[in-house]
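Asks: mind looking at a prediction? Sequence and model below.
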Amino acid sequence: MTLQHDNATSHTVRSVRDFLQDRNVSVLPWPAKSRDLKPIEHVWDLLARRVRASAIPPRNVQELAGALVEEWGNISHQELANLVQSKGRRSTVVLNTAGGHTRY
């Protein structure tokens, strides 16, 4: 299994590294604070927009969790594929802005 995270300090402390190593989880090398390059960040955005657009907004944590799980199941394989396929384009934009702000 391979894990991708954002290299936040809490993710890279020795206890986390040891935990992952003990469970044979490899970590994908990734630059810190690279939200534009991670498709999962765009999935979270998609989920948030869908939950906010629902006719009856969640009123508590349990309803929010249920709404997120429901919307997660509604994401099509094509939507996920589009996010992954856009990585090259997003990488180019990040390089062109020297890591600065992008529209992504």
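Replies: Cool, got the structure.

Asks: and for H42, the neighbour number?
Replies: When neighbours are defined as other C-beta atoms under 10 Å, H42 has 19 of them. Placement of C-beta: from N, CA and C, glycine included.

Asks: what helix or strand does the closest residue to it other than its chain neighbours sit in?
Replies: Excluding the flanking residues, the one nearest H42 by C-beta to C-beta, 6 or more residues apart in numbering is L83, at 5.1 Å. Element membership of L83, judged by DSSP states H and E, is helix 77-85.

Asks: quick one: list the elements packing against that helix.
Replies: Applying 3 or more C-beta pairs under 8 Å, 6 or more residues apart in numbering; DSSP states H and E, we find helix 77-85 packed against helix 39-52.

Asks: could you give the average pLDDT over the helix it packs on?
Replies: Averaging pLDDT along helix 39-52 gives 90.

Asks: continuing past the helix or strand of the chain with the lowest mean pLDDT, what's the next helix or strand?
Replies: When each helix and strand of the chain is scored by mean pLDDT, DSSP states H and E, helix 9-12 comes last, with a mean of 80. Following helix 9-12 in sequence order, the next helix or strand is helix 14-22 (DSSP H and E).
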